[in-house]
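1. Show me how the following folds:
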Amino acid sequence: MNIFELLKEDLHAAKNQDPAATSLFEVALVYSGVHALWSHRLAHAMWQKPHLRGPARLISQATKALTGVSIHPGATIGRRLFIDHGTGIVVGETAEVGDDVLMYQGVTLGGRALSKTKRHPTIGNHVMLGSGAKVLGPVIVGEHSAIGANAVVVRDVPPRSVAVGLPAISRSKDPGATVDPREDFIDPALLT
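-> Below is the predicted model of the structure:
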């Protein structure tokens, strides 16, 4: 896929997921989440070349100042990410975001360690991250899952689950299915 097809795909993702969007032109002109994503795509390509890492960080910082979205150039972002109302988004260096992800304002994909290892989350395909959600550390959020508004996720979220609360508790989206409640961490009474 060439860069123009990718950028067009980003526009369509935003228009298809936001009922307030009236046209692709409007999305291209005023959607800060789309602008931040496009800027990240450029900065990430530069980040792959060690001699361009400084300029990549400068692009990232300028984008943060203009859009309120802070995506480290080292983060890996999949196709068709839609950042709705981008303000307050933070995505760390080793974060990985899959395809067809919906991210609302105030989401943090952050670290919990200072070591130079994989210290940020991996978000699967078709995941929704609610307003103010914090996903911290090298956790994995499985495909087709949803993280509720203001949830704090510090443990893996199985595929097809909903995680809510502080700390977040995961429940299956599928009727009759069970999700490991991690009794060592969560009071089973909270799961009823």
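2. Between the two ends of stretch 107-126, how far is it?
-> For stretch 107-126, the first-to-last residue distance is 16 Å (C-alpha to C-alpha, to the nearest Å).
3. and what of stretch 69-88?
-> End to end - C-alpha to C-alpha - stretch 69-88 spans 6 Å.
4. same deal with stretch 76-89?
-> Distance between the two ends of stretch 76-89: 15 Å, counting by C-alpha to C-alpha.
5. One more: stretch 122-133?
-> With C-alpha to C-alpha as the measure, stretch 122-133 spans 14 Å from end to end.
6. can you check stretch 94-114 too?
-> 12 Å.
7. go on, stretch 126-139?
-> Its first and final residues considered, stretch 126-139 spans 16 Å by C-alpha to C-alpha.
8. Mind checking the pLDDT average for that stretch?
-> In this model, stretch 126-139 has an average pLDDT of 97.
9. Same check on stretch 91-107?
-> When pLDDT is averaged over stretch 91-107, the result is 97.
10. Within its sheet, name the partner strands of the worst-scoring helix or strand of the chain on mean pLDDT and how each one runs.
-> Lowest by mean pLDDT, DSSP states H and E among the helices and strands of the chain is strand 168-172, with a mean of 85. The strands beside strand 168-172 in its sheet (DSSP bridges) come out as strand 161-165 (antiparallel).
11. Show me how far the partner strand is from its chain's centre.
-> Offset of strand 161-165 from its chain centre (C-alpha atoms, centre = their mean, to the nearest Å): 15 Å.
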